[in-house]
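Provided below are the primary sequence and the corresponding predicted coordinates.
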Amino acid sequence: MKASLKACDVVIFGGGGDLAMRKLLPALYHLDMDGLLAPTTRIIGASRRDMSAKDYQDKVRAALDEFVPASKEDTTIWSRFKERLSYVSVNAQEESDFARFNEHGVGDDERDVVFYLATSPDLFGSICSSLAKFKLNQARMRVVLEKPLGRDLASSHAINNEVLQNFQESQIFRIDHYLGKETVQNLLAIRFGNTLFEPLWSSAHIDNVQITVSETVGVEGRWGYYNKAGALRDMVQNHLVQLLCLVAMEPPSRMDSTSVRDEKIKVLKALRPIEGANAYTKTVRGQYAKGMIDGKDVKGFFDEEDSNPESRTETFVALRADVDNWRWAGVPFYLRTGKRLGQRYSEIVIQFKALPHSIFNDESNRELQRNQLVIRLQPEEKISLTVMNKVPGASEGMNLQPVDLNLSLTEAFNDKRSPEAYERLLLDVMRDDATLFMHYGEVEAAWKWVDGIMAAWAQTSERPKEYASGSWGPAASMALPIKDGRNWHDY
Ligand code: BG6
């Protein structure tokens, strides 16, 4: 990664919160460790709590002990990192509190400033207007907005308009951390850095695309938030739809924010609406019941703290999406995601079509497996291409079997630490590069599509289907591609 040698101030609203401690500060620490922060770059935590800079540094130290255990040994980097850390106590709804940023010298010396809003989206508008009152919205200042950006099209419009009153679109960085994952960026490299795949990348050769983001965790003390969101809003509207866009978009003319985002918007606008009765045949919703994961008993959704037995919020969703354009006509995109499933993994599967004619038509070769490109995002980062191969041995005749050509990124680049998604994205904001961030047009088009599904679900009296924790979701999800004569790729 190219360094961000320009000094800047990174102000984290919600600076003492879970996201800051688990992800943002570990990511900034790693950037510092890799020499990617300018020597005078500062990090300022901001939240309501009264805390001294020393208290904040201690809190960050404890978080690093937990989330970057190796950092305990490296006292040199910690002493440098600690010097960067300070804290400002601000009530986001108290405009006058924002004067403290000026007293603190935020943005002095013409330096760039990144305001990272890791707070509830209800506060985005008021934070931005208070920043503007104190001239903290100049062109060299940017805001990063964490998801969820609203809970439907109308609320996302309202939030966006409030932010736009004080910041220009070019200063707004809407983050989707999936776009910072290494393998997701590698998908762009695979598609547009090789001659091999692009000629095959269409309905002429691809039968279907599958995107799975499977989690073993439950709602984990977030019942209140999650019950208002559900898997469709929490995961599909952003992460899965963004992955779909990268698979389906046309080659952008260059790798810059406008070109990439324009192509993604075209895909989103081409998504066929799933509305009315279609929602019954094209989507499956589920809620996890108790079960077993990794040999341990785990609770059901309704046994979680603060749960409400009336909830219809889905913790699992599977659906068939169609992209109505020339390239993808007739190619289903199957998406699924859920909590408390059997394995934690995320992958994109490109399933190629069957051979037009097989010359290997004896008994042993009746079922020739189709080529498959599997892009695994996590837990391991790897790309594999399944090809048919002759089984070695003179007595085997022409017996063919599928073999995986594996590209393990960890093995291929074994001296390189694979950065966390937030590292790449934070560095990009500091460098003012919005290519891996979402334009409002993308958020808007994704909400339009998701609102249609939500509206159809709201009209049914049917409850989400129960599935055992540790399973692969409701049986109906398995049946979704089977109805079209296809199957989910096995883990
Ligand atoms: C977040 C969701 O955006 O992504 C969480 O709100 C989810 O519910 C998380 O667990 C998954 O991210 P990752 O990177 O762990 O796959």
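That came in fine, so what should we check first? No experiment lies behind these values; they were computed from the predicted model shown.

CA atoms for contacts and neighbours, from now on please.
Noted.

what is Q287 paired to in the beta sheet?
Q287 has these beta-bridge partners by DSSP bridges: E466.

can you count the residues close to it?
28 (other CA atoms under 10 Å).

what of the one 10 residues further on?
Taking other CA under 10 Å as the neighbour definition, D297 ends up with a count of 12.

that one contacts G291, correct?
Yes. Between D297 and G291 there is a contact at 5.8 Å, judged by CA atoms under 8 Å.

wait, N487 sits on M478?
Yes. Taking CA under 8 Å as the definition, N487 is a contact partner of M478 at 7.5 Å.

angles on the backbone of S253, please.
With angles defined as degrees, to the nearest 10, S253 sits at phi -70, psi -30.

I'd guessed it sits against E263; true?
No. S253 is beyond contact range of E263, at 9.5 Å (criterion: CA under 8 Å).

neighbour-wise, which of those two wins?
Between S253 and E263, counted using other CA under 10 Å, E263 has the larger neighbour count: 19 against 10.

any idea which element the more buried one lies in?
helix 257-270 (DSSP states H and E).

against which helices or strands is that helix packed?
helix 241-248, helix 440-458 (3 or more CA pairs under 8 Å, 6 or more residues apart in numbering; DSSP states H and E).

contacts for the helix or strand bottoming out on mean pLDDT in the chain?
Least confident element among the helices and strands of the chain, by mean pLDDT, DSSP states H and E: helix 409-412 (a mean of 72). For helix 409-412, the external contacting residues (CA atoms under 8 Å, 6 or more residues apart in numbering) are 381-383, 416, 418.

so which of these wins on neighbours?
So for these (other CA under 10 Å), the most neighbours sit at I383, 23 neighbours.

pairing partners for the residue lying closest to it once chain neighbours are set aside in the sheet, please.
Computed as CA to CA, 6 or more residues apart in numbering, the closest residue to I383 that is not its neighbour in sequence is I375, at 4.6 Å. Beta bridges link I375 to I348, I383, judged by DSSP bridges.

got any ranges where the chain has weak pLDDT?
Residue ranges of the chain with pLDDT under 70: 1-4, 363-367, 396, 414-416.

and the residue nearest to S257 when sequence neighbours are not counted, backbone torsions?
Distances taken as CA to CA, 6+ apart place T435 nearest to S257, at 3.6 Å, with adjacent residues excluded. Here is the backbone geometry of T435 (degrees, to the nearest 10): phi -60, psi -40.

tell me how many other residues crowd T435.
Counted with other CA under 10 Å, T435 comes out at 19.

and stretch 96-112, what's buried?
By neighbour count on 16 or more other CA atoms under 10 Å, the buried set for stretch 96-112 is 98, 101, 106-107, 112.

now tabulate these in TSV and tack on secondary structure and distance to G393.
As requested, the buried residues of stretch 96-112 are exported to TSV (DSSP: H, G, I helix; E, B strand; the rest coil; distance: CA to CA, whole Å):
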residue	secondary structure	distance to G393
F98	helix	75
F101	helix	73
V106	coil	71
G107	coil	70
D112	strand	65
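
closest one of the residues you listed to L246?
Closest approach between the buried residues of stretch 96-112 and L246, by CA to CA: D112, at 30.2 Å.

which of the three states applies to A154?
helix (DSSP: H, G, I helix; E, B strand; the rest coil).

report how many residues lie close to it.
With other CA under 10 Å as criterion, A154 counts 14.

so what's A27 closest to, chain neighbours aside?
E423 (4.7 Å).

tell me which residues touch V163, please.
So V163 contacts 124-125, 128-129 (CA under 8 Å, 6+ apart).
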